[in-house]
Each structure stands twice: as structure tokens, then as C-alpha cells.
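**Student:** After the sequence you'll find the predicted model.
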Amino acid sequence: MRLLIIGTMRGPLATAAQIAMARGATIANAETAQQGLSVLRLRGADLLLIDIHQPIHDIVDAMRDDRISTPIIACGIDPSPDEAAAAIRAGAREFLPLPPDPELIAAILEAVTTQKHDIIWRDPAMEKTIRMAEAVAKSDASVLITGESGTGKEVIARLIHKNSKRAAKPFVSVNCAAIPDTLLESELFGHEKGAFTGASHRRIGKFEEAHGGTLLLDEISEMDIRLQAKLLRAIQERVIDRIGGTKSVPVDLRILATSNRTLPAAVAAGDFRKDLYFRLNVVSIRIPSLRERPQDILPLAHHFISHFSMLNDIPERKMTADAKRKLLAAPWRGNVRELENIIHRAVLLADGTEISPEAITIDDDPQLYRQKDIAARAIDSAESITRALVGKSVSDVEQGLILDTLDHCLGNRTQAARILGISIRTLRNKLNDYAARGIEISDGQKPSQMIA
Ligand SMILES: Nc1ncnc2c1ncn2[C@@H]1O[C@H](COP(=O)(O)OP(=O)(O)OP(=O)(O)O)[C@@H](O)[C@H]1O
Ligand SMILES: [Mg+2]
């Protein structure tokens, strides 16, 4: 996690930086907004921490012009409620009061990088897949990771990076399906000053951010065919061209790609370049569906029970024998992600000392299997919504995200705030605000778990 701090590094801000560093973040500091923006354009960052006395509004505007969507946390000493609210209005996702509370910083860092990276498996079919991923990790070959939706393609991509000689360098992931075609080129390759209206400065893309490390091109089958040509050149010649640039830039990275569409079929349909397919498919790893590895079901379920119980401050409950039988008999068309969602719900719904079959609600609606889990959706939204929903106001988008997340958490505000990466207080204020405007708010089904 690369944290860029904009503001003078002394006193409580320096303490915040130290805490973040102790939690594994890499820190860059810029004294002024201008310096901060150039670091952002030239090196990129995963999260911005901005002192409230900096012109946050201008920074947000400049970032929008340069199509940079790094999340922002504003911070300040003893802020008035007005100051904190103004920072949020200007575009900050959260306000961090200084002096910093170590737990709060940890929670914020975690909210921005909430992806869980543990890999759980027991089934021999998965054992084979993991061994293969570890073996190919050592080479520098491109790897195409395929598998049904929710099987763990991203999890395997991270495993490959972690076991490669590039492990100490960045792992950067781009979801080709979530970013509109018009913005994806800039996201991948960056742009030069003046490349298009609003491009007031040079901005580097994900290829350059991942320099030395690994670039994951997620859902690559969704990439526009014209952009595929540029990608092919980048992979073949190891150079990229920023939009509007006159000079190619060398890049040294490893490419991983995922797809849940069959790429040969996309090639046959003329949607995917054959030469690019061969380039990416040097090694391919197919992740078996959960149905093909039944021995993984219960170990995964136990893992998710611990995870969600801890996240919700709920005592960890065991499953009854009937509950286990129900899990083992389910069709799992949504694979591990569906199992994760179902256990998440079961953990929130279960009362009593054990998780009974009634708490395990397996949906038969195939649409649902395609849904991402709540956390992934919240993160994806945070990353792509500002780009995908151009034309909507930030507060409309934020309202939608907050209400959706609350809905998915069955009205549990603690959980929703955690997923959204905002404090309960912020969430409560926003909900009060919506309620005052007559908007209906999910009350949840289990009032005893609500804090606010
Ligand atoms: N073996 C595993 N152990 C623990 N968690 C896992 C495992 N496999 C997948 N998960 C979890 O399941 C969810 C889905 O995994 P992931 O995002 O890697 O799937 P995917 O194949 O990329 O899905 P999609 O096709 O929808 O992008 C994630 O929350 C991930 O943490
Ligand atoms: Mg994925």
C-alpha cells in the first residue's frame, strides 16, 4: 500500500505516517498540493492523506482532469464539524481526526485494501492448481488465469506475484471490464500534457506504476479490440506510448491476465485478437469450479465464518451437521464468492449457539451468482464509479453506494461502515441526512446488531 501524504510532516501528521508505516504502508510525502499532484501523476499512489489546510477541492479537480481516482482521506487537528464536512464535500472519502488513533489508521488502511489474500484449500484438484501456480511463479512468463466467476482468479494472481522474483515490487491490477473504453487507455498507458482537453499534466498509467512488478489485467476479454493492439505492442516490445506522447517508454513487468469468458471463443467471434491470445497464453492455469473440488467447501466455510465473525464482533459459531450437509449438497454455480456471501449472511443471521441450516440461504437465482461480494463491490465502486458515472454528482454516487452497501449488510451499520471505509459516525450523519430528505433506509433484520 503506497500512501501519499500531502501536508507538512510534523507533529501528529508525522505520527500518523509512522503508524501507517508500522502497518506496512510505504509513505511518500509532498509539502504542497502541486508537489503532491506531480507525485501522483508520475508515480501513482494507492491512498492519499491530505491535511485539511491543503486545497482539497483543487486537488480533486486536478485529479479529475487527469483521470486519477486515488481515494482521499482528509485529516486535521481538532477540526470543526464544518471543516470536516467541507473536506468530505470536496471529495474526501473519510475524515481522520488528529492526533491519530492507531486503530483508526489501521482500519482505514484495511478498508482501502480490504481484499483478503488467504488461500484455503484441501481438495486434490485445487492442490494441483496451487502447485502449478507456484511453479510458474518463478518464471517470468505471462500467465492466463481462467475459471468460472468467483473461483479465485485474483487470489491465484496474487499468489503468483508473491512467489515470483518480483514479489518486493508492486502488484497492480486493472479491471478492464469496469473502466469505460474511453478511459482505459489513459489508465493503462498514461498521457502527456495536452493529450486531450483537461490533460493539464503528464500522468503515468498502470504499466508504469507496475514497473518492476506484476500487472494483472483482469477480465481482459472485455477490452476493446483497438486497445488490444496497443496492449500487444506493449507486451511484445516492452515499451508503451503514453497518449499524446512522442517517445516510447520502456517498461519491465510481468503480465497476468484473467478471463471468465473462453478466449478461443472470443477469438473465433472476432472480439479478441488471436496474436494477443497467444502472447498471453504462454502458460494457462484453469481454476476448477467449486463443484469440481468438493473437499474445499467445508474448510472454506470455516475460514469465512471466522473471518466474518471477527469483522462483525460476533462470537464465532460452529455449524450443525445439517448445515454442513446443506453446504455440501449445494450446486455452487457462483463458486467461492457465492459460498463467501452465503456464509457472510449466515454469520449475520444466526442466533443461538450454532449455525443451523435455516441461516444458510442458498439462492436459486443465477443472476445472483454473478454478483461480486460486498467488499469487492464497494472497492470496485470506489475505484470505478467516479469514472463510470460521469455526469452524476459525487453525492448521488456516494448515496447510492452507501444505501446499496447497507442493504447488502442487512442494515448492519457497523458492518456497512467498515466495508465503506468510513466511521460509524460519518455513516450515521449521512443516513440522518438522507432520512431527512425522505429517503427510505434499510433497517435490517436484526436490530440487536445495530449500533447507531
Ligand atoms: N481458495 C480461496 N481461499 C480463500 N478465499 C478465496 C479462495 N478463492 C476465492 N476466495 C475468495 O472468494 C472471492 C472471489 O475470489 P476472486 O475475486 O479471486 O474470484 P474471481 O475468479 O476473480 O472472480 P470474478 O470472475 O468474479 O472476478 C474473494 O473474496 C476471495 O477472497
Ligand atoms: Mg476477479
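**Tutor:** On my side now, so go ahead. Ligands and ions are numbered 1, 2, ... in the order given.

**Student:** For the stretch 251-400 of the chain, give me the ranges with low pLDDT.
**Tutor:** The stretch 251-400 of the chain contains residues with pLDDT under 70 at 364-393.

**Student:** And the residue of it that's closest to ligand 2?
**Tutor:** Residue nearest to ligand 2 within the stretch 251-400 of the chain: residue 258 (5.8 Å; CB to the ion). In short, each C-beta sits where N, CA and C put it, glycine included.

**Student:** Kindly report the same for the chain.
**Tutor:** Using CB to the ion, residue 154 is the residue of the chain that sits closest to ligand 2, at 4.3 Å.

**Student:** who's in contact with the helix or strand containing that residue?
**Tutor:** Assessed by DSSP states H and E, residue 154 sits inside helix 153-162. Identification of contacts with helix 153-162 by CB atoms under 8 Å, 6 or more residues apart in numbering yields 115, 117, 119, 129-130, 133-134, 136-137, 143, 145-147, 167, 171, 173, 213-214, 216, 218, 254, 256, 258, 260, 285, 287.

**Student:** just the buried members of those residues?
**Tutor:** Among the contacts of helix 153-162, the ones that count as buried by 16 or more other CB atoms under 10 Å are 119, 129-130, 133, 136-137, 143, 145-147, 171, 173, 213-214, 216, 218, 254, 256, 258, 260, 285, 287.

**Student:** What about the residues you listed, which are in strands?
**Tutor:** 143, 145-146, 171, 173, 214, 216, 218, 254, 256, 258, 285 (DSSP state E).

**Student:** Using TSV, lay out those together with distance to residue 57.
**Tutor:** Shown next, in TSV, are those (distance: CB to CB, whole Å):
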residue	distance to residue 57
143	43
145	41
146	44
171	32
173	29
214	35
216	33
218	32
254	39
256	38
258	37
285	46
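
**Student:** Farthest pair within the residues you listed?
**Tutor:** 146 and 171 (19.4 Å; CB to CB).

**Student:** thinking again about what came up before, restrict the buried ones among the contacts of helix 153-162 to those near ligand 1?
**Tutor:** With CB under 6 Å from any ligand atom as the criterion, the buried ones among the contacts of helix 153-162 include 119, 147, 258, 260 near ligand 1.

**Student:** so who does the residue of the chain found nearest ligand 1 touch?
**Tutor:** Nearest residue of the chain to ligand 1, counting by CB to the nearest ligand atom: residue 152, 2.8 Å away. Applying CB under 8 Å, 6+ apart to residue 152 gives the contacts 119, 287, 335-336.

**Student:** Closest to residue 318 out of those?
**Tutor:** For the contacts of residue 152, the residue nearest residue 318 by CB to CB is residue 336; the value is 20.7 Å.

**Student:** I'd say that closest one and residue 150 touch.
**Tutor:** Yes - contact criterion CB atoms under 8 Å: residue 336 and residue 150 qualify, at 5.6 Å.

**Student:** Need the residues touching each of those two.
**Tutor:** Counting by CB under 8 Å, 6+ apart, nothing touches both residue 336 and residue 150.

**Student:** Show the pLDDT at the residue of the chain closest to ligand 1.
**Tutor:** pLDDT for residue 152: 95.

**Student:** Now residue 99: phi and psi?
**Tutor:** Its backbone dihedrals place residue 99 at phi -60, psi 150, with angles given as degrees, to the nearest 10.

**Student:** can you list the weak-confidence ranges in the stretch 51-200 of the chain?
**Tutor:** Ranges of the stretch 51-200 of the chain meeting pLDDT under 70: 110-117.

**Student:** ok, so of the ones in strands among the buried ones among the contacts of helix 153-162, who is nearest residue 90?
**Tutor:** Among those, and counting by CB to CB, the member closest to residue 90 is residue 173, at 27.7 Å.

**Student:** contacting residues around the closest residue in space to that closest one that isn't next to it in sequence?
**Tutor:** Once flanking residues are discounted, residue 173 sits nearest to residue 216: 4.0 Å by CB to CB, 6 or more residues apart in numbering. By CB under 8 Å, 6+ apart, residue 216 lies in contact with 154, 157, 161, 171-174, 256-258.
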